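*Asks:* can't give you the sequence, but here's the structure:
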């Protein structure tokens, strides 16, 4: 028996978002600036420095009340 989803929702719109991107050539880690906890975070995967960048992806709102 196959599962069929009848919900016909519109896909989330893409837009440019500000990100932190890992500078290591062997790592492709990145994170949204809205979700980072410091002004100059280290890469969570390899520990290298991260630099500012942008990506074209879905917008997510950060609802964290304790954002520093």
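*Replies:* Sure thing, it's come through. Remember, predicted model here, so these are calculated numbers, not experimental data.

*Asks:* quick one, phi/psi of the residue nearest to residue 64 when sequence neighbours are not counted?
*Replies:* Leaving out its chain neighbours, the residue that sits closest to residue 64 by Cβ to Cβ, 6 or more residues apart in numbering is residue 35, at 8.0 Å. In short, each C-beta sits where N, CA and C put it, glycine included. Main-chain dihedrals, residue 35, degrees, to the nearest 10: phi -110, psi 0.

*Asks:* Residue 35: how many residues sit nearby?
*Replies:* 13 (other Cβ atoms under 10 Å).

*Asks:* Give the full set of residues in contact with it.
*Replies:* Applying Cβ atoms under 8 Å, 6 or more residues apart in numbering to residue 35 gives the contacts 60, 62, 64.

*Asks:* Would you mind pointing out the helix or strand the first one falls in?
*Replies:* When elements are defined using DSSP states H and E, residue 60 is found to belong to no helix and no strand.

*Asks:* re earlier: counting neighbours, which of the contacts of residue 35 end up buried?
*Replies:* Neighbour counting over those (16 or more other Cβ atoms under 10 Å) leaves no buried ones.

*Asks:* Relative to residue 55, how far out is residue 39?
*Replies:* To residue 55, residue 39 is 19 Å away according to Cβ to Cβ, to the nearest Å.

*Asks:* Comparing these two, which shows the higher neighbour count?
*Replies:* More neighbours surround residue 55 than the other of residue 39 and residue 55, with 14 against 8 (other Cβ under 10 Å).

*Asks:* Name the nearest residue to the more buried one, ignoring sequence neighbours.
*Replies:* The shortest distance from residue 55 to any non-neighbouring residue, by Cβ to Cβ, 6+ apart, is to residue 19 (5.1 Å).
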